[in-house]
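S.K.: okay, predicted coordinates and the sequence, questions at the end:
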Amino acid sequence: MSGIDQIKQDPFSIPLSKMNVANPYLFQSDKHWDWFKRLRDEDPVHYCAESEFGPYWSVTRYHDIMEVDTNHDIYSSEPAIVISDPDENFSLPMFIAMDRPKHDEQRGIVSPVVGAEKLRYFEPIIRERTCEVLDNLPREKSFDWVENVSIELTTRMLATLFDFPFEDRRKLTRWSDVATAAPGLGLIESEEERQTELLECLQYFTQLWNERARKVPANDFISMLAHGGATKNMAPMEYLGNLVLLIVGGNDTTRSTMTASVLTLDQNKNEFEKLKNDLTLIPSMVSETIRWQTPLAHMRRIAKTDTVLNGKHIKAGDKVVMWYVSGNRDERFFKNPDKYCIDREDVRKHLSFGFGIHRCMGNRLAEMQLQVLWEEILKRFDQIEVVGEPLRTPSTFVKGYTNLEVRLHKKR
């Protein structure tokens, strides 16, 4: 059964042994929900023997995902965090796909860029740019929110984190999308095309590295990598791997949630009214939207040793996929998980940022960007009306949007 044909199938009519949820078309069509519900209910640690990515285990319940995500002695992040295996001829080592101690050493070099002290510095910058973008949007006519707001704001922030030439900042968006795109689904046609563009990324960033290495250390990702004891001698492909990690990590979670918040509040108008009547709910709304959307659908691990997870015997070397998108809708953990509720209890216990040593390094910065955006939206607009069906990303990893047509209605 092809990927496109699968979206026409009833997941409850297929033998469990034939269930394969690693299909980008399921996510692009927003048809994945019942597939994961069936796995949660009937086979929460499910073995898929055949897929285009090889055999793999799907972990779909909240507590089982937590067990895998936090048990670093049994489950390894090497050599990759996505379900597809890395190209042996184009390997991109990155610290999120490393185990201790190297992971901790490299992550520790760059994490201060998004630490608590830096957030206080970033807040006025984020607010100024958010105001500028919102104030220049069309009024009372439709436009694409993804292109004009979500991409623009996140790309400006990425450029700041890298101290990247501002006039070239859209290159960061392109490289992020190319790094995670599946060949043949619209953005790139082949793996060779991806590699060519990523090597262009490496060439550009190598020039920046050489400039920063000759200067006094500064508080941007490139300077910290160039001067850090655990990173200054990285091989070129390891540098590129960490660049891809930082670009994608700084882009997709925030960008997808900026769009999801507009879509979901339009679909749940009672929640939008609740938000407008109580602005203190903005942080909670942001967290609920991150749960609801789950911007990165999965992360994968490799079993280091034979182990047992929820009664299933997993062998050393097996691929284990944590479906965050399913765990965030697990009825055993969240009350009414399919309901969008901006004042949900324990709202920050979602899985979208991961847990353990690989928990999203920039999660507080992402939340700040989203909170500032909605503080400024609610000062200006009574409604953001969605006027077209969203176009979603064809990916099993990035759960995002490529287009969302909206119309703004000014605050009365």
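M.R.: Okay, I see it.
S.K.: give me the contact list for the helix or strand harbouring V110.
M.R.: Using DSSP states H and E, V110 sits within helix 102-110. Where contact means C-beta atoms under 8 Å, 6 or more residues apart in numbering, the residues beyond helix 102-110 that reach it are 77, 95-96, 98, 221, 224-225, 228-231, 242, 246, 357-358, 361. Yep, even glycine has a C-beta here, placed from its N, CA and C like the rest.
S.K.: try it again at 6 Å.
M.R.: 95, 221, 224, 228, 230-231 (C-beta atoms under 6 Å, 6 or more residues apart in numbering).
S.K.: export the residues you listed to TSV and tack on neighbour count, secondary structure and pLDDT?
M.R.: Converted to TSV, the contacts of helix 102-110 look like this (neighbours: other C-beta atoms under 10 Å; DSSP: H, G, I helix; E, B strand; the rest coil; pLDDT from 0 to 100):
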residue	neighbour count	secondary structure	pLDDT
F95	26	helix	93
F221	24	helix	96
M224	20	helix	96
G228	17	coil	96
A230	16	coil	96
T231	19	coil	96
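S.K.: in the longest helix along the chain, what counts as buried?
M.R.: Determined from DSSP state H, the single longest helix within the chain is helix 191-213. Buried residues in helix 191-213, counting neighbours by 16 or more other C-beta atoms under 10 Å, are found at 194-195, 197-198, 201-202, 204-205, 208-209, 212.
S.K.: now for that helix, which elements pack on it?
M.R.: Using 3 or more C-beta pairs under 6 Å, 6 or more residues apart in numbering; DSSP states H and E as the contact definition, the elements that helix 191-213 packs against are helix 170-180, helix 221-227.
S.K.: and if we set it to 8 Å?
M.R.: In this structure, helix 191-213 makes packing contacts with helix 170-180, helix 221-227, helix 236-249, judged by 3 or more C-beta pairs under 8 Å, 6 or more residues apart in numbering; DSSP states H and E.
S.K.: could you dump the ones you listed to CSV with distance to E117?
M.R.: Below are the helices and strands packed on helix 191-213 laid out as CSV (distance: least, C-beta to C-beta, whole Å):
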stretch, distance to E117
helix 170-180, 24
helix 221-227, 14
helix 236-249, 19
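S.K.: for the stretch 251-400 of the chain, what spans make up the strands?
M.R.: According to DSSP state E, counting those that start in this stretch, the stretch 251-400 of the chain carries its strands in the segments 298-303, 307-309, 312-314, 319-323, 381-386, 391-392.
S.K.: for these, which one sits closest to I65?
M.R.: Distances from I65 to each of those were compared using C-beta to C-beta; the shortest belongs to strand 319-323, at 4.6 Å.
S.K.: could you dump that closest one to CSV, C-alpha only?
M.R.: Only the C-alpha atoms of strand 319-323 are listed here, as CSV (Å, rounded to 0.1, in the frame of the first residue of the first chain):
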residue,chain,number,x,y,z
LYS,A,319,15.1,1.3,16.4
VAL,A,320,12.7,2.8,19.0
VAL,A,321,10.5,5.7,17.9
MET,A,322,8.9,8.0,20.6
TRP,A,323,5.8,9.5,19.0
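S.K.: renumber starting at 53 from here on
M.R.: Renumbered: residue one is now 53, and that last one reads strand 371-375.
S.K.: what lines up beside it in the sheet?
M.R.: Using DSSP bridges, strand 371-375 pairs in its sheet with strand 108-111 (parallel), strand 350-355 (antiparallel).
S.K.: need these in a markdown table with mean pLDDT and distance to R90, can you?
M.R.: As requested, these are arranged in a markdown table below (pLDDT from 0 to 100; distance: least, C-beta to C-beta, whole Å):
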| stretch | mean pLDDT | distance to R90 |
| --- | --- | --- |
| strand 108-111 | 98 | 11 |
| strand 350-355 | 98 | 17 |
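S.K.: tell me which of those strands is the most buried.
M.R.: Each of the strands paired with strand 371-375 was scored by mean neighbour count; the highest is strand 108-111, a mean of 25, by mean count of other C-beta atoms under 10 Å.
S.K.: contacts for that one, please.
M.R.: Counting by C-beta under 8 Å, 6+ apart, strand 108-111 makes contact with 71, 73-74, 91, 96-100, 117, 120, 135, 352, 361, 364, 366, 370-375, 379, all of which sit outside it.
S.K.: how about the strands of the stretch 303-452 of the chain, which one is nearest F216?
M.R.: Across the strands of the stretch 303-452 of the chain, F216 has its closest neighbour in strand 350-355 (26.5 Å, C-beta to C-beta).
S.K.: and the closest one, how far out from the chain's middle?
M.R.: The chain centroid and the centroid of strand 350-355 are separated by 15 Å, computed with C-alpha atoms, centre = their mean, to the nearest Å.
S.K.: show the buried residues in the contacts of strand 108-111.
M.R.: Judged by neighbour count, with 16+ other C-beta under 10 Å as the criterion, the buried members of the contacts of strand 108-111 are 71, 73-74, 91, 96-100, 117, 120, 135, 352, 361, 366, 370-375, 379.
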